[in-house]
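Student: Provided below for reference: sequence and predicted model.
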Amino acid sequence: RPSTALPLAVGASHEDGLTPSEGDRWDWYRMSVTAAGALTVLTRSEGEGDLVLEVFREDEYGDPITGSDQDMDGVMGNESVTLDVAAGDVIYLRVLTRFGGATNIPYRVTSGLIPG
């Protein structure tokens with residue numbers, strides 16, 4: 001749930017994993033933006049498993065404002081989104097898998113902000 005989202009600072013990395021076979025199908029992250037610019041968020045995965053990255057504005061969790069399921073570089077867990085943000089924005093990220101068979105899908109989520 002978004003209410004249990006792990007805080008993630010802009011520019012920080014976090015390693016985690018999903019275990020869909022045990023019901024762990026998504027992780028939530030909360031980012032507080034302190035400067036305006038173009039925010040890029042990405043996931044990287046070394047293993048098996050298809051990840052999806054979704055981005056939501058605070059208190060608007062029905063539909064993501066953007067998302068990625070592009071499997072960059074042919075890796076099903078490599079996703080990336082870029083969006084314009086303003087100082088004070090609170091962004092929620094959801095890293096998920098739509099398939100339930102994988103035992104464990106390790107991944108890293110990170111971000112960067114180009115001020116502007």
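Tutor: That came through fine. Numbering: from 1, shown residues only.

Student: Can you name every helix or strand that the top strand by length along the chain contacts?
Tutor: In the chain, taking DSSP state E as the definition, the longest strand is strand 105-115. Packing partners of strand 105-115 (3 or more Cβ pairs under 8 Å, 6 or more residues apart in numbering; DSSP states H and E): strand 13-18, strand 37-44, strand 90-96. Where C-beta positions appear, they are placed from N, C-alpha and C, glycine not excepted.

Student: ok, and which of those strands has the densest surroundings?
Tutor: A comparison of the helices and strands packed on strand 105-115 by mean neighbour count, using mean count of other Cβ atoms under 10 Å, puts strand 90-96 on top with a mean of 20.

Student: Name every strand pairing with that one and say which way it goes.
Tutor: Sheet pairing here is set by DSSP bridges, and for strand 90-96 it gives strand 26-32 (antiparallel), strand 52-57 (antiparallel).

Student: Only alpha carbons, please: show that strand as CSV.
Tutor: This file holds the C-alpha atoms of strand 90-96, laid out as CSV (Å, rounded to 0.1, in the frame of the first residue of the first chain):
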residue,chain,number,x,y,z
VAL,A,90,5.7,14.0,-3.7
ILE,A,91,6.0,11.1,-6.1
TYR,A,92,5.1,7.5,-5.4
LEU,A,93,6.7,4.6,-7.3
ARG,A,94,5.4,1.1,-7.6
VAL,A,95,7.7,-1.6,-8.8
LEU,A,96,5.6,-4.7,-9.7
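
Student: Report the angle between it and strand 37-44.
Tutor: Counting by axes from the mean of the first three to the mean of the last three Cα atoms, to 10 degrees, strand 90-96 points 20 degrees away from the direction of strand 37-44.

Student: Contacts for strand 90-96, please.
Tutor: If you take Cβ atoms under 8 Å, 6 or more residues apart in numbering as the criterion, strand 90-96 is touched by 2, 5, 8, 16, 18, 25-33, 39, 41, 43, 51-58, 61, 64, 83, 85, 107, 109.

Student: hmm, try it at 6 Å
Tutor: Contacts to strand 90-96, defined as Cβ atoms under 6 Å, 6 or more residues apart in numbering, come from residues 2, 5, 25-32, 41, 43, 51-56, 58.
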